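> Fold the following.
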Amino acid sequence: MYFLILFLLAASSCEDKVIDQDFAFGREISLEVNKLYASNNGNYAVIINEVSDSRCADGAMCVWAGEVTVKGELTVEGNKSSFEIHSVVSQQNKQPEGYTVQIIDAKPYPKLGVESKPEDLIINLLIKVN
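Alright, predicted model coming up:
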């Protein structure tokens, strides 16, 4: 019985795996947090582990527009590389070697008085081979 409980706890912490037949470098892709997106042939995959959204909410008055920061991993033919990218402060980006990851959009846009969680965001990324 203890083994069954341990197995269920371990399984519940795993990310969902999505096989995306259209996943290709140089093409915009839409991703959710903590879902592993893999190519149909299994040669590459990407996962977003963490999102920070400090954008100024609709209806708010802000000094700075804010930005979205995305942390994740890109796996190419079994080699994992982590990345951290910023929508505005790009000089702080940490890119995987040989690749460029760019934030195209993050939806929904924050609204004043409406609580949102990072896992509710859909992140549009563009991943290019350098």
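> For stretch 44-54, the averaged confidence score.
Regarding stretch 44-54, the rounded mean pLDDT is 94.
> show me the contacts for the residue nearest the centre of the chain.
Taking Cα atoms, centre = their mean, the centroid of the chain lies closest to residue 48, which sits 2.9 Å from it. With contact taken as Cβ atoms under 8 Å, 6 or more residues apart in numbering, residue 48 is in contact with 31, 32, 33, 34, 35, 70, 71, 72, 123. Bear in mind the C-beta positions are built from the backbone N, C-alpha and C, glycine included.
> What's the PyMOL syntax to select whichever of those residues are buried?
Those of the contacts of residue 48 that count as buried under 16 or more other Cβ atoms under 10 Å are selected in PyMOL with:
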select buried, resi 31+32+33+34+70+71+72+123
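> Which of the contacts of residue 48 sits closest to residue 57?
residue 123 (17.9 Å; Cβ to Cβ).
> Secondary structure element for that closest one, which one?
For residue 123, the element it lies in under DSSP states H and E is strand 122-129.
> Could you check that strand and say which residues are buried?
123, 125, 127.
> before we move on, what about stretch 74-93?
So for stretch 74-93, counting by 16+ other Cβ under 10 Å, buried means 74, 75, 76, 81, 83, 84, 85, 86, 87, 93.
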